[in-house]
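1. Got a predicted structure here, sequence first:
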Amino acid sequence: MQTETKKVALVTGANTGVGYQIAQSLADEGYTVFVGSRNKDKGEIAVTQIGKQSKAIQLDITDSQSIDAAVMQIQSEAGYLTLLVNNAAISNAGKPGRKMEEVLGAQRASIVPIDEMKTVWETNVFGTLAVTQAFLPLLSKAEKARIVTVSSALGSLTLNANPANPYRSAFDAAYGASKTALNGVFLSLAIDLANTNIKVHLVSPGFTATALNNFQGTDTVEEGSIEPIRVALSEDLPTGSFTGPAHYAGSDNIVPW
């Protein structure tokens, strides 16, 4: 088990948006940060902007060879991992450039193309778990390790069961329900790892203007990054937590399942 004080993090989908903001904050706090990006060149650009102890790493979470290569790189360069931030996600697999309303309308459970739904879930659920499983051996080598997975309050069954929820109509079968599944899988992981050195947290950034929603979110990327950054930097949260920004989740930041 690693007892050195140097903290090492991997952030997936970190070349832009919330992932970039998380990587920047971790680097500012002294972490060695591996900036995951499907496109290595975009990752290199992000690293030049982040500076400090940041390193670009090519990582496509739907590609097992890419995952294995990333594990080998971090194993070689760091030897362990203190923090894994699962941020990479997609909102749809249909025609690019559509407005959010058009995407949501096409992803209603009654009409969503199953192949498109599978593609979204392949990244948001199966890819996220695959990369997590692959890095568990490196996380187990740290004295204390954490997995922070960026989810969405849109995946909350409790919130969506309430007719008064203003975002209820956005709960689609492709993206929204993928976040419900993601929450379930990672709550299962928290239970699975309860007696280990690894904590598991889920966090919602809120309705943030990013490429996921055609930049139509109501919160800036800086605002949407506040809670994910807080969780990424917090070492004393109870495992199995699901939190979000106060203006969505309330003063305790807890999002209902």
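-> Perfect, I can see it now.

2. where does the chain have low pLDDT?
-> Scanning the chain with the threshold set as pLDDT under 70 gives 1-4, 206-219, 221, 247-250.

3. what are the ranges of the helices in it?
-> Here the chain has its helices, by DSSP state H, at 17-28, 40-50, 64-77, 100-106, 114-121, 128-139, 157-160, 175-192, 221-233, 246-249.

4. From the rest of the structure, what touches stretch 20-30?
-> Residues from elsewhere that reach stretch 20-30 (C-beta atoms under 8 Å, 6 or more residues apart in numbering): 7, 9, 11, 14, 33, 35, 46, 49-54, 83, 85, 87, 221-222, 225, 228-229, 232-233. (Glycine included, C-beta is placed from N, CA and C.)

5. Quick check: Thr239 touching Asn197?
-> No: contact criterion C-beta atoms under 8 Å: Thr239 and Asn197 do not qualify, at 10.7 Å.

6. what pairs with the closest residue to Thr128 other than its chain neighbours across the strands?
-> Spatial nearest neighbour of Thr128, chain neighbours left out: Asn86 (4.9 Å); criterion: C-beta to C-beta, 6 or more residues apart in numbering. Counting by DSSP bridges, Asn86 is bridged to Thr149.

7. so who does Asn86 touch?
-> Contacts of Asn86 were listed using C-beta under 8 Å, 6+ apart, and they are Thr12, Thr128, Val131, Thr132, Ile147, Val148, Thr149, Val150.

8. Sort out which one of the residues you listed lies nearest Gly244 for me.
-> Closest approach to Gly244 among the contacts of Asn86 (C-beta to C-beta): Val150, at 10.6 Å.

9. Pull the contacting residues for the closest one.
-> The contact partners of Val150, by C-beta under 8 Å, 6+ apart, come to Val18, Gly19, Val85, Asn86, Asn87, Ala89, Val203, Ser204, Pro205, Pro228.

10. got a list of what Gly13 touches?
-> Gly19, Gly36, Ser37, Arg38, Asn87, Ala88, Ala89.

11. Check the gap between the first one and Pro228 for me.
-> Meaning Gly19. As defined by C-beta to C-beta, to the nearest Å, Gly19 lies at a distance of 9 Å from Pro228.

12. For the residue lying closest to Thr239 once chain neighbours are set aside, give the beta-bridge partners.
-> Nearest residue to Thr239, sequence neighbours excluded (C-beta to C-beta, 6+ apart): Lys199, at 4.1 Å. Taking DSSP bridges, one obtains Arg146 as the residues bridged to Lys199.

13. Among the contacts of Gly13, which pair sits farthest apart?
-> Once C-beta to C-beta is applied, these give Ser37 and Ala89 as the farthest pair, at 13.6 Å.

14. Spit out the contact partners of the residue lying closest to Ala56 once chain neighbours are set aside.
-> Distance criterion C-beta to C-beta, 6+ apart; nearest residue to Ala56, sequence neighbours excluded, is Gly43 at 3.6 Å. Going by C-beta under 8 Å, 6+ apart, Gly43 touches Ala14, Asn15, Val35, Gly36, Ser37, Ala56, Ile57, Gln58.

15. Could you do Val125 as well?
-> With contact taken as C-beta under 8 Å, 6+ apart, Val125 is in contact with Ser178, Ala181, Leu182, Val185.

16. what's the neighbour count on the nearest residue to it once chain neighbours are set aside?
-> Distance criterion C-beta to C-beta, 6+ apart; nearest residue to Val125, sequence neighbours excluded, is Ala181 at 4.9 Å. Per other C-beta atoms under 10 Å, the neighbour tally for Ala181 reads 16.

17. what about the most centrally placed residue in the chain, distance to Gln49?
-> By C-alpha atoms, centre = their mean, the chain has its centre lying nearest to Asn87, at 2.4 Å. Asn87 sits at a distance of 17 Å from Gln49 (criterion: C-beta to C-beta).

18. check contacts around the closest residue to Ala246 other than its chain neighbours.
-> Closest residue to Ala246 apart from its sequence neighbours, by C-beta to C-beta, 6+ apart: Asn253 at 5.9 Å. By C-beta under 8 Å, 6+ apart, the residues touching Asn253 are Glu227, Thr243, Gly244, Pro245, Ala246.

19. Perfect, that will be all.
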